[in-house]
Structures are given as structure tokens and as C-alpha cells.
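A.B. asks: here is my input; please provide its structure:
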Amino acid sequence: MNDKLKGLLVGLTIGMMITGATAMAASGTSVNAVVKKFDVFLEETKKNTADGLIYNGNTYISVKDIGIAESRQISLIDNKLYLGKQQKMITENQALHILSDKIKKDAVKYNLNLMVEGLEGTKYCIRVYEDFPDHIATYGFYYVDKYTSKVTKYDIAQDKEVEI
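C.D. replies: Predicted coordinates for the structure are as follows:
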């Protein structure tokens with residue numbers, strides 16, 4: 001009798017969990033859409049077949065399928081969608097070299113070192129410093145945009161970036 005009672009309680013518990021999860025999932029906004037296969041044509045030539053949705057009179061097909069139809073590379077980098085040729089991006093090492101070339105005179109004069117602190121948006125943040133035996137003295141913070149290679153310096157007095 002005890003086993004039957006345990007089985008009943010376990011069954012009821014599992015049933016309530018499933019019912020609760022289903023009710024919770026159904027509480028979102030429902031949409032009526034039609035899933036359909038589409039032949040994708042480019043310049044009157046069939047390129048591929050894609051799954052798509054029809055919702056409120058609009059047709060939705062993935063960007064990947066459009067890229068395949070146009071024989072273009074698709075990529076998503078930093079919330080930017082590229083269809084075809086991607087925007088060139090410089091590496092941390094390239095950013096260090098670009099900045100080093102910009103401040104070459106001071107770098108030699110003060111024996112400056114460069115170190116990437118991190119990435120702020122699309123810019124590499126680079127600390128320029130002097131390395132003394134007992135301490136490190138920060139010369140300044142610079143930014144190198146990873147897409148445009150534009151170099152700016154953080155002006156601490158004005159609390160803004162300035163071009164160099």
C-alpha cells in the first residue's frame with residue numbers, strides 16, 4: 001500500500017511539473033505563421049531552395065540562404081552583418097605597431113613600453129608606460145580603432161579622446 005501511495009505522489013508531482021512548464025511556455029505571445037519551402041532565384045536562375053516563413057503578408061528567409069543564392073560570404077562580427085567582403089580588422093599586435101610608429105620619437109626618448117589593456121567597443125585600449133626598477137609610470141592611454149586604424153589619445157584633463 002505504501003508503494004502505491006509513493007507512486008501516486010511521484011506521478012502527480014511529475015504531472016504537475018509538466019503541466020506547469022507547458023502553461024508557462026504557452027503564456028508568451030503566439031504567432032500564426034506558415035512555414036514553406038521557397039525556390040530562391042537570382043537574375044531568373046534558380047540558386048537554391050530555402051525554408052522560410054510567411055507572417056502578416058511578409059516573407060522571411062534567412063540571410064544565409066540569400067548569401068548562398070548570391071554566392072557571397074556571410075558573417076556576423078560585433079553586431080555587424082557582412083554580406084560579401086568583410087571589413088578588414090587589425091589585430092592587437094598590428095594596433096601596437098601602429099601606435100608605436102605614431103609615438104616613435106617619445107617612445108625612444110623616454111624608453112616607453114606598450115601594453116594592450118583591453119577592447120573598448122571597436123577600439124584597442126593601449127597603455128603606454130615607463131618601466132622603472134621600483135615602479136611603473138603611465139605615460140598615457142591610447143586607442144586604436146580595429147576597423148579604421150585611427151589613433152586617439154585619452155586626455156585625462158578634458159576626460160575625452162583627442163586625435164594625435
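
A.B. asks: could you check the pLDDT of Lys4?
C.D. replies: Here the pLDDT value assigned to Lys4 is 65.

A.B. asks: backbone phi and psi for Arg72, please?
C.D. replies: phi -120, psi 150 (degrees, to the nearest 10).

A.B. asks: so what's it closest to, chain neighbours aside?
C.D. replies: Leaving out its chain neighbours, the residue that sits closest to Arg72 by CB to CB, 6 or more residues apart in numbering is Gly84, at 4.3 Å. The C-beta positions use only the backbone N, C-alpha and C, and glycine is treated the same way.

A.B. asks: list the contacts for that neighbour?
C.D. replies: Contact analysis of Gly84 by CB atoms under 8 Å, 6 or more residues apart in numbering lists 70, 72-73.

A.B. asks: out of those residues, who's nearest Thr13?
C.D. replies: Nearest to Thr13 among the contacts of Gly84 is Gln73, at 51.4 Å by CB to CB.

A.B. asks: need phi/psi at the closest one.
C.D. replies: Torsion angles, degrees, to the nearest 10, at Gln73: phi -80, psi 140.

A.B. asks: quick one: residues contacting it.
C.D. replies: The contact partners of Gln73, taken as CB under 8 Å, 6+ apart, are 67, 82-86.

A.B. asks: filter those residues to the buried ones?
C.D. replies: Gly67 (16 or more other CB atoms under 10 Å).

A.B. asks: circling back to that earlier point, the residue nearest to Arg72 and Gly67: what is the separation?
C.D. replies: From Gly84 across to Gly67, the span is 8 Å (CB to CB, to the nearest Å).

A.B. asks: what comes up buried for stretch 63-76?
C.D. replies: Those would be 65-67, 69, 74, for stretch 63-76 by 16+ other CB under 10 Å.
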